[in-house]
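A.B. asks: Sequence and predicted structure below; questions after.
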Amino acid sequence: MLVRRTVIVKPKQYGKFKHFVRDNVRKCIFVYNELINFYLTDRKFRNYKKELKRLIQNNGDKSRIVNLKTLLDNYSFTRMSKRNLYKYFKMLKETNAFLQDVPSVFLNSVFRRAMRTIENFKNKKTKNIKIKKKYSKFSITFTQCKIEHLDIRGRHGKVFIPKFGFINVRGFRKNLQIQKLHEVIVTLHSDGLIMISLSVTAKRNPRPFKYKDILGIDLNASNVLATSKGQIYPKLDLKSLESQITEIQQELAKYRKVRNKKRYKQRLRHKLVRLWRKVRNKRKKYQYQITQGLLEYEVIVIEDLKIKEMVSNNKLRTKQDPSFIYYAKRTNKSFLENTPGKLVEILTYKREETGTYIQKVNPVNTSRRCYECRYVDERNRNGHKFKCLRCGHEEHADINAARNIRKLGIDALGYKVAA
């Protein structure tokens, strides 16, 4: 079975490659910011034209009309289009001498990225466009690449990167039979770490599901998830890392307005970035371990959660009732820490290997409804305890919710399965 995967590897020859990437990426950030500024100035002057037209029609403020007319007369600007943006991009390469050493592969990748961000902003996929800082995280995409001398057991290999040559990398998965390499993305993090992402088509042996059964999953804030089989996956204990993060944040807050100690503050920021990366990686690894066991079932039923709406509803409720603010902050933080969207994303792409079907259901009243008698009442649930006021059924609240989700999935699919 052929599947498309993203394989993240680390470079072994760090010295030369690090200098090569770091020097070129900083120049690429300059080009990217210039292209974004070109679009933003065009947008600003268009808004000035619209405002001037509106003020003239409505006989608005005369001093503002005069100021806008002088501004538009004095400053000449080029209308934004893909052709004009490319002309400006070529002009940047010709006028700035330090850009002539940068490989064209880097610069072309930056131009494509800038165009993508502008189009996403125009189509309202993103709310705003941000200018990149000098030491911010930045990635460059290469298309004409290849892999050689891949040792599957040792997880080592060589990747060819244009204008640099072959680089030794490590971190390949065991028994990964790569058929085709599509693109290579080199990412330089703010603390200087370099990661290489390979988009490949790989051959994987299908791993069929073990149990011909339906599994219900309840995603919640207190635990990562609970299943209809009575399993509860708790949160990871990351208190030691979180305490280190708070200490560094407090230390940075002390020296925020101090102009001296720039290197010390930069060291602290780099340490903070590394700690947050460690937290993310641990959570991601834990999610992959959880999904490995869940995909042993034929059908998985999950809640169709709209996480953005849930978080915004809590914020709206705090405006109406200020006493609700502590509960809203706590639930939003604990729920978003579990990253339920990422968990569902992992499940959806890994089900290709097992052939598991994923059914999404509406989660309304799943935590308030009794699984035995189907009675719905808000008072049935008290924290983690669930006790039905009608039939007296007692169970862990999350397991009861997972069983209700399973029942909704059975009804949606039209299966005749024993309860």
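C.D. replies: Happy to help now that I have it.
A.B. asks: burial of residue 293, as a residue count?
C.D. replies: 13 (other C-beta atoms under 10 Å). C-beta here means a position set from N, CA and C on the backbone, and glycine is covered the same way.
A.B. asks: where's it, which helix or strand?
C.D. replies: Taking DSSP states H and E as the criterion, residue 293 maps to helix 262-294.
A.B. asks: Check which helices and strands that helix is in contact with.
C.D. replies: helix 239-254, helix 340-354 (3 or more C-beta pairs under 8 Å, 6 or more residues apart in numbering; DSSP states H and E).
A.B. asks: what residues does the longest one touch?
C.D. replies: By C-beta atoms under 8 Å, 6 or more residues apart in numbering, the surrounding residues in contact with helix 239-254 are 265, 268, 269, 271, 272, 275, 276, 278, 279, 282.
A.B. asks: which parts of it are buried?
C.D. replies: Neighbour counts over helix 239-254 (16 or more other C-beta atoms under 10 Å) mark residue 245 as buried.
A.B. asks: thinking again about what came up before, any idea which of the contacts of helix 239-254 has the most stuff around it?
C.D. replies: residue 272 (19 neighbours).
A.B. asks: who are the neighbours in contact with it?
C.D. replies: By C-beta under 8 Å, 6+ apart, the neighbours of residue 272 are 245, 248, 249, 252.
A.B. asks: try 6 Å
C.D. replies: Residue 272 sits next to residue 248 when contact means C-beta atoms under 6 Å, 6 or more residues apart in numbering.
A.B. asks: Quick check: it vs residue 387, distance?
C.D. replies: Distance of residue 272 to residue 387, computed by C-beta to C-beta, to the nearest Å: 45 Å.
A.B. asks: As PDB, could you dump the C-alpha coordinates of stretch 281-288?
C.D. replies: Output of stretch 281-288 as PDB, limited to C-alpha atoms (Å, rounded to 0.1, in the frame of the first residue of the first chain):
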ATOM      1  CA  ASN A 281       7.000  16.600  21.300                       C
ATOM      2  CA  LYS A 282       6.000  14.700  24.500                       C
ATOM      3  CA  ARG A 283       2.300  15.400  23.900                       C
ATOM      4  CA  LYS A 284       2.600  14.500  20.300                       C
ATOM      5  CA  LYS A 285       4.300  11.200  21.100                       C
ATOM      6  CA  TYR A 286       1.700  10.400  23.700                       C
ATOM      7  CA  GLN A 287      -1.100  11.000  21.200                       C
ATOM      8  CA  TYR A 288       0.500   8.600  18.700                       C
END
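A.B. asks: buried ones in that stretch?
C.D. replies: In stretch 281-288, counting by 16+ other C-beta under 10 Å, buried: 283, 286, 287.
A.B. asks: Nearest to residue 23 among those residues?
C.D. replies: residue 283 (33.4 Å; C-beta to C-beta).
A.B. asks: Which strand in this protein has the most residues?
C.D. replies: strand 177-188 (DSSP state E).
A.B. asks: helix or strand right after it?
C.D. replies: Past strand 177-188, the next helix or strand by DSSP H and E is strand 194-203.
A.B. asks: so what does the next helix or strand after that next one touch, helix or strand wise?
C.D. replies: Next along the chain after strand 194-203, taking DSSP H and E as the criterion, comes strand 211-219. When contacts are defined as 3 or more C-beta pairs under 6 Å, 6 or more residues apart in numbering; DSSP states H and E, strand 211-219 sits against strand 225-227, strand 297-303, helix 397-413.
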